[in-house]
Structures are given as structure tokens and as C-alpha cells.
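Chemist: 3D model of this:
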Amino acid sequence: MLLAKIVGNVVATQKDEGMNGFKLLIAQSLDLQMNLTSSYVVACDAVGAGLGEVVIVVQGSSARLTDQTRNKPVDAAIIAIVDSVKIGGDSVYTKSNETMNAAR
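Modeler: Here you go, the predicted model:
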């Protein structure tokens, strides 16, 4: 699993039939200080994530284990929207703080 931030979306009108109905999002990896890294993945959204949200992404065979992605041609899936992250007892991310910062 990896921690990532949704930085964009992908629109593909021509795709495999098994991909119909999936929202495809660009998830950029985060380091432990919640900084964006240079790594990213296009992932199927299984939880209703949106632009700017911090999420958990699974890849490989794990991506095909959600109810929506089972037996689909999926290699990366967003399985959770993150509310908070603590490392060593210190809070490094809180969704409510991020929302307040974005509103300013």
C-alpha cells in the first residue's frame, strides 16, 4: 500500500469493456513528511476520492480484491480516503486541517 494525493484525473472514452464506469485518478506518492514525490500511478477509484485528497492505493493483485474491481483489468486501486496520519505519536496530516488550509 502507498500513501498518495490525488493530483488529477484521466478521461478515456475508448477502453476495455471491464473498465466502464470506473473513475481514473492520478495519485502522486507522498513521503513521511507528506511531501509529494516524483512517483505517481493512475488508479481506479473504489471509494469516491476527489482532487486534493490523501488516499491509500494498492497495486498488483491486491487492486483486484475490492467489490468493484474483482476480475477487472486493474493494477492500481484507491481503497481508502485518509482522515489522519500519525508518525511516532506526532500528527503529520489531518484532513480537517487540510480542508481549512485550502479554504484560506
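
Chemist: and the helices in this protein, which stretches?
Modeler: Here the chain has its helices, by DSSP state H, at 95-103.

Chemist: any stretches of it with poor pLDDT?
Modeler: Applying pLDDT under 70 to the chain flags residues 97-104.

Chemist: try it again with 90
Modeler: The chain contains residues with pLDDT under 90 at 13, 15-22, 60-73, 96-104.

Chemist: what ranges does it have for its strands?
Modeler: 2-10, 24-30, 36-45, 54-59, 76-81, 84-87, 90-94 (DSSP state E).

Chemist: for my notes, please list those strands in CSV and give distance to Glu17 and mean neighbour count for each entry.
Modeler: To be clear about C-beta, it is placed using only N, CA and C from the backbone, and glycine gets the same treatment. CSV is the format used below for those (distance: least, C-beta to C-beta, whole Å; neighbours: other C-beta atoms under 10 Å):
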stretch, distance to Glu17, mean neighbour count
strand 2-10, 17, 17
strand 24-30, 15, 20
strand 36-45, 14, 16
strand 54-59, 22, 20
strand 76-81, 18, 20
strand 84-87, 37, 12
strand 90-94, 38, 13
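
Chemist: distance to Leu65 added to these, as TSV?
Modeler: Putting the strands of the chain into TSV (distance: least, C-beta to C-beta, whole Å) gives the following:
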stretch	distance to Leu65
strand 2-10	16
strand 24-30	18
strand 36-45	12
strand 54-59	8
strand 76-81	8
strand 84-87	23
strand 90-94	26
